[in-house]
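*Asks:* heads up, no residue letters with this:
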């Protein structure tokens, strides 16, 4: 016994070696509804001539990632008896696996003379490699660069060149009629991206919205009527969004079709979704929308920092119909640009937004300021007694030989006062305003207050209070606040 290493496997049908044009798609009028969680609904209407009674009909060119359990067929006077999805597709490896136990022809070409020699070989195995029996010897078919090809007498009947759904139908009357198959499939995804050009001097932005479509499957869908759904039906997935304080949800209804609780974004024209393709389509273009830049700092608890902290740079604008983008925004990434001294747009930051109703106010963090900083400091913590009193409960007491009586015990309320200072510095040549937010006010006891503040603040919630701190050019401002927490 000896081992022979052979070369690259080339599969040639014996009928003809001439190249043929790709077979025309069997799809009909196709509509594809794409969700953002790797799911799409395909609806394919084909004109079929059905015989009366029971017949088997093949539907080639369905998705390679079809979910067979979701298939629904509708045709006048027709019911489904059985359906099968043939996913064993024709490929060199599949063809060799089906040839195990069969006889094939090995064709070798002499590199020096070009002469061909042919030998009959029986395929013994096709696992990590192909094992052949040629006469009384065993050989392994591998790739070592020598010219070798394999010739098969025929194709196995159970291999399909294209993914095919086979359906057994029971038809009342013969004739041609539209037959629609619909099914869910994986392999599709879409996402939104926004390009925002911010003009700080004019306090406006231009926004271009794009949807990116991906067909990660092996099936091409020609001239498809494509609709995008903003939402995750039946999914527990949630896309993480990054907003700065100041974001508020809107209450306006966008002028778009809806599907249940989701907005639909149909493409303006039919498009071809090629296999393993990504494409972008514009869905939003708005100019000169009012916008402003905000400097913001948030302290999540009553604590200080050893070093000054850069403040967040936040871009704020509206999605309202009046004075805003005028649309509901699907979740996506917002990338912000500004023009430099030469007038060229330069990238300054990006962040992710969630599904946003029309009429919302968005505050999107785009980065951190280089020359505007805040240094929080705990100046002191002290125990104080307030002028308030609280009842601690009722108690029944009895004097010796006396009549029992009930008394109520009171005690003064004790607070712990934390005095915080926020030193805000500005190295810019113009004055700025920094929104300083103190969070962590909603303590376990729900009894926290701010009795002293050097600037009037705004209580945004039980947990947050914000101060709009003006800072002069090349200067600083110190904000001082006292926070009383009841223990």
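*Replies:* Nice, I can see it. Just so it is clear, the structure is predicted and the values come from calculations on it, not from any experiment. Numbering: from 1, shown residues only.

*Asks:* which is the next helix or strand following the helix or strand residue 264 falls within?
*Replies:* Applying DSSP states H and E as the criterion places residue 264 in strand 262-266. Next helix or strand after strand 262-266 toward the C-terminus (DSSP H and E): strand 271-273.

*Asks:* tell me what that next one is packed against?
*Replies:* Helices and strands touching strand 271-273, by 3 or more Cβ pairs under 8 Å, 6 or more residues apart in numbering; DSSP states H and E, are strand 204-215, strand 221-230, strand 277-299. (Each C-beta comes from the backbone N, C-alpha and C, glycine too.)

*Asks:* Partner strands of it and their direction?
*Replies:* Strand pairing for strand 271-273, determined by DSSP bridges: strand 221-230 (antiparallel).

*Asks:* In the partner strand, which of the residues would be classed as buried?
*Replies:* The neighbour-count check on strand 221-230 (16 or more other Cβ atoms under 10 Å) flags 221, 224, 225, 226, 227, 228, 229, 230 as buried.

*Asks:* I'd assumed residue 198 was in contact with residue 346.
*Replies:* No: judged on Cβ atoms under 8 Å, residue 346 makes no contact with residue 198 at a distance of 10.8 Å.

*Asks:* Look at those two and report which has more neighbours.
*Replies:* Under the neighbour definition other Cβ atoms under 10 Å, residue 346 and residue 198 were set side by side, and residue 198 has more, 24 against 9.

*Asks:* tell me the SS of that one?
*Replies:* strand (DSSP: H, G, I helix; E, B strand; the rest coil).

*Asks:* didn't it look like it was pressed against residue 293?
*Replies:* Yes: contact criterion Cβ under 8 Å: residue 198 and residue 293 qualify, at 7.5 Å.

*Asks:* just to revisit the earlier point, overlap in contacts of residue 346 and residue 198?
*Replies:* In terms of Cβ atoms under 8 Å, 6 or more residues apart in numbering, residue 346 and residue 198 are both contacted by the residues 337, 338.

*Asks:* Check the average confidence over stretch 356-369, would you?
*Replies:* Stretch 356-369 shows a mean pLDDT of 91.

*Asks:* swap in stretch 376-391?
*Replies:* 79.

*Asks:* same check, this time on stretch 50-64
*Replies:* 89.

*Asks:* And it, end to end?
*Replies:* One end of stretch 50-64 sits 25 Å from the other (Cα to Cα, to the nearest Å).

*Asks:* For it, give me every contacting residue.
*Replies:* 25-27, 40, 42, 44, 46, 48, 75, 78, 81, 85, 87, 89, 160, 162-177, 179, 181, 183, 185, 187, 217-220.

*Asks:* Now, those residues that are in strands?
*Replies:* 40, 42, 44, 46, 48, 78, 81, 85, 164-171, 175-177, 179, 181, 183, 185 (DSSP state E).

*Asks:* Any of the residues you listed buried? List them.
*Replies:* Neighbour-count burial (16+ other Cβ under 10 Å) applied to those gives 40, 42, 44, 46, 48, 78, 85, 164-165, 167, 169, 171, 177, 179, 181, 183, 185.

*Asks:* Can you show me the helices along this structure?
*Replies:* 92-98 (DSSP state H).

*Asks:* pretty sure residue 337 contacts residue 195?
*Replies:* Yes: Residue 337 lies in contact with residue 195 (Cβ under 8 Å); the separation is 7.0 Å.

*Asks:* ok, now how distant is the residue lying closest to residue 225 once chain neighbours are set aside from residue 478?
*Replies:* Once flanking residues are discounted, residue 225 sits nearest to residue 31: 4.3 Å by Cβ to Cβ, 6 or more residues apart in numbering. Distance, residue 31 to residue 478, using Cβ to Cβ, to the nearest Å: 63 Å.
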